[in-house]
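> could you work out the structure for the sequence below:
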Amino acid sequence: MKVRINSVSGNYPSYETEGSAGMDISAYLDEPVIIEPGKRALIPTGLFMEFEPGYEVQIRARSGLAVKHGIGLVNGVGTIDSDYRGEIKVALINMGETAFEVKNGDRIAQMVISPVVQAEIEPASELSDTSRGEGGFGSTGI
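As a prediction, the model looks like this:
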């Protein structure tokens, strides 16, 4: 699959190892951004992309930033739809205990390309029974 990317920064997403599922993406900043503990920041990447319908680009946290600094994504996983043509921006949150500085060129997230299916909604007044039923929120134990 080909993804067309316009990078105003000149930095392109890249797979860092042969077996990587996600491509690292970098910050595109005029000046560093400080994210205080408990605060959020929308970080531009300078990336604009085009890809085939039937796919999405998922923006995911980088595990090293999460474990070492408490940096994650505000929305858990971001979705870039195939018809979006605006700049890719990453909503970071600092769940750590100290301020975190994001500098231009820092690898801040990763993107994974995944197929998607658009469902056909069928209104129903009843649903079939299952052994699980309405059990949820820990109903199967730890």
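
> distance of residue 56 relative to residue 137?
27 Å (C-beta to C-beta, to the nearest Å). Glycine gets a C-beta too; all of them are placed from N, C-alpha and C.

> actually residue 77, not the one I wrote
As judged by C-beta to C-beta, residue 77 and residue 137 stand 21 Å apart.

> more neighbours, the two?
residue 77 (12 against 5; other C-beta atoms under 10 Å).

> surely the more buried one meets residue 58?
Yes. Contact criterion C-beta atoms under 8 Å: residue 77 and residue 58 qualify, at 5.3 Å.

> need the residue closest to the centroid of the protein.
Note on the chain: the residue nearest the mean C-alpha position is residue 59, at 1.8 Å, using C-alpha atoms, centre = their mean.

> report how many residues lie close to the residue nearest to that one when sequence neighbours are not counted.
Once flanking residues are discounted, residue 59 sits nearest to residue 78: 3.6 Å by C-beta to C-beta, 6 or more residues apart in numbering. Using other C-beta under 10 Å, residue 78 has 19 other residues around it.

> from residue 141, how far off is the residue nearest to the centre of the chain?
Counting by C-beta to C-beta - residue 59 and residue 141 are separated by 33 Å.

> on the three-state scheme, residue 67 is what?
helix (DSSP: H, G, I helix; E, B strand; the rest coil).

> how close does it sit to residue 91?
Residue 67 is 19 Å from residue 91, by C-beta to C-beta.

> which one's more surrounded, the two?
residue 91 (15 against 10).

> now for residue 113: which residues touch it?
1, 3, 51, 55, 56, 57, 58 (C-beta atoms under 8 Å, 6 or more residues apart in numbering).

> what about it, which helix or strand?
Using DSSP states H and E, residue 113 sits within strand 107-115.

> now do the buried residues in that strand.
Of all the residues in strand 107-115, those buried under the rule 16 or more other C-beta atoms under 10 Å are 107, 108, 109, 110, 111, 113.

> same thing with stretch 92-102?
Buried positions in stretch 92-102, judged by neighbour count with 16+ other C-beta under 10 Å: 92, 93, 94, 96, 100, 102.
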